[in-house]
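Asker: What shape does this take:
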Amino acid sequence: MARYSTVILGGLGAVTVAGLAVAAGNWIEVTERSNQICIKSNDIPNHATGSFPNRGNPHTIRAQRIKVCVNASPVKGNRARNAGQGAVGIALNGVLIRPSTADYWDPSGPRGHSRNRSSGWNLEGMGAARMLGMDKANAHVDRRGAYHYHGKPVGALKTRGGTQVGYAADGFEIHYIGSRAKSGYRLKKGTRPSGPGGKYDGTYVQDWEFVGGSGRLDQCNGGTLNGKFVYFATNTYPFYPRCFWGRPSSNFRGL
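Answerer: Below you'll find the predicted structure:
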């Protein structure tokens, strides 16, 4: 017999707290039916955000129409699938999780970067947080006005209990357990051989390399929690899964 449940959250008014703004009208609906978990939301967070536009981000937060469904019983495969630069999941408050960026080092760009991929040096969202106008919740806004997380969802963590923060596009849960989840990536040693030059400092995706090791998460930021496989939001790169062990839902394309 199929399970069916609905949870609706919403009704936040617009307020200002210590220079931060809370977007009005957070709304989310979660249903589970026929082995799928479906989330509808307007992508408006249920916590304070930074001010947008700002110096690093010229966009304004706008409500979206988000509807995604994921497998409620995901199966871990033997081969990792690249997640690309779109949304890799959705937080339990209905806000998209999109750790990658579409920006590359470009000395001819007005801000030193652009969407021209020719340099090969892809800006890392949290590593270039100030350049990209991230707020204290580790999120910012894209050209469509969609607010989305690049790092751990600070505001969302403060509004709920438990360790789960969302679902990945392939249906596996995403959890945050702080420093207990150790990334398998590390900064490369030395200096960049081309492009922006300078020491590897995490500003670009190419500054990082996967080394793995005992007690560390796999290349997709996955591991075991309470006997089951999950992904983790981590304090360091890659922050969220950037590849999938399961089959990602097509609902996330273009998000």
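Asker: Please count neighbours and contacts with C-alpha atoms only from this point.
Answerer: Noted.
Asker: My guess is residue 134 contacts residue 148. True?
Answerer: No: assessed by C-alpha atoms under 8 Å, residue 134 is found out of contact with residue 148, at 9.9 Å.
Asker: what is in contact with those two at once?
Answerer: Common neighbours of residue 134 and residue 148 (criterion: C-alpha atoms under 8 Å, 6 or more residues apart in numbering): residue 140.
Asker: Backbone dihedrals for residue 91, please?
Answerer: Here is the backbone geometry of residue 91 (degrees, to the nearest 10): phi -80, psi 160.
Asker: what bridges to it?
Answerer: For residue 91, the beta-bridge partners are residue 166 (DSSP bridges).
Asker: my guess is it contacts residue 169, does it?
Answerer: No: with contact defined as C-alpha under 8 Å, residue 91 does not count as touching residue 169 (10.8 Å).
Asker: Between the two, which is the more surrounded one?
Answerer: The neighbour comparison of residue 91 against residue 169 (other C-alpha atoms under 10 Å) goes to residue 169, with 28 against 22.
Asker: per-residue confidence at that one?
Answerer: pLDDT recorded at residue 169 is 98.
Asker: Return the residues in contact with it.
Answerer: For residue 169, the contacting residues are 70, 87-90, 247-249, 252, by C-alpha under 8 Å, 6+ apart.
Asker: cool, residue 224 as well?
Answerer: Residue 224 neighbours (C-alpha under 8 Å, 6+ apart): residue 230.
Asker: worst-scoring helix or strand of this structure, pLDDT-wise?
Answerer: Lowest mean confidence among the helices and strands of the chain (mean pLDDT, DSSP states H and E): strand 15-17, at a mean of 31.
Asker: If the most centrally placed residue in the chain is in a bridge, with which residues?
Answerer: Taking C-alpha atoms, centre = their mean as the criterion, residue 97 is the residue nearest the geometric centre of the chain, at 3.0 Å. Taking DSSP bridges as the rule, residue 97 bridges to residue 89, residue 149.
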